[in-house]
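>>> Need a 3D model of the following:
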Amino acid sequence: MAPGPFAGPQAPQATREVNTASLCRIGQETVQDIVYRTMEIFQLLRNMQLPNGVTYHTGTYQDRLAKLQDHLRQLSILFRKLRLVYDKCNENCGGMDPIPIEQLIPYVEEDGSKNDDRAGPPRFASEERREIAEVNKKLKQKNQQLKQIMDQLRNLIWDINAMLAMRN
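Okay, here's the model as predicted:
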């Protein structure tokens, strides 16, 4: 009996190593499938009647229940697939030095030019985030002061109106 058309190429593909970029793409597609299945599950749950003892449309209810169980089973399979992809990516990247993400994102100056090593040390996103947090803190303090001033003015106007009403 002659081997089938797929007998030869399957052996090298099984031993071939899958690169990390394709694993990440597969992981991304799996996450998208998980989100899609979850949305379908919520859609099914929204359309199902509550089990309040009413037995209207039991056939429809059983069909929706079967679809729900099927979606949950497929969701479980997708999560297992995602775990395998995650573990394989971690295994492939195990020898790499972890670099904080903030250091990988260079800061772009306000004039639109990118900050390079030639123009001095780059400002990273972590520094930018810290500066933004400080500005937000100061802004909240100023807002609190303005709120206190508005409350004082409101009380003053209330007192003036009360005195005017007492005089009349």
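>>> gap between the helix or strand harbouring residue 150 and the chain center?
Residue 150 is part of helix 125-167, with elements assigned from DSSP states H and E. In terms of CA atoms, centre = their mean, to the nearest Å, the centre of helix 125-167 is set 34 Å apart from its chain centre.
>>> avg pLDDT for that helix?
If you average the pLDDT over helix 125-167, you get 91.
>>> And it, what does it pack against?
On a contact count with 3 or more CB pairs under 8 Å, 6 or more residues apart in numbering; DSSP states H and E, helix 125-167 meets helix 101-104. The way it works is simple: take the backbone N, C-alpha and C, and place the C-beta from them, glycine included.
>>> and the next element down the chain from the lowest-mean-pLDDT helix or strand in the chain?
Counting by mean pLDDT, DSSP states H and E, the chain has its least confident helix or strand at helix 7-15, which shows a mean of 42. Per DSSP H and E, the first helix or strand lying C-terminal to helix 7-15 is helix 20-47.
>>> Which other helices and strands does that following helix contact?
Where contact means 3+ CB pairs under 8 Å, 6+ apart, helix 20-47 is packed against helix 58-92.
>>> ok, the nearest residue to residue 47 once chain neighbours are set aside to residue 57 distance?
Closest residue to residue 47 in three dimensions, ignoring its sequence neighbours and counting by CB to CB, 6 or more residues apart in numbering: residue 64, at 6.6 Å. Between residue 64 and residue 57 the computed distance is 9 Å (CB to CB, to the nearest Å).
>>> Okay then, goodbye and thanks.
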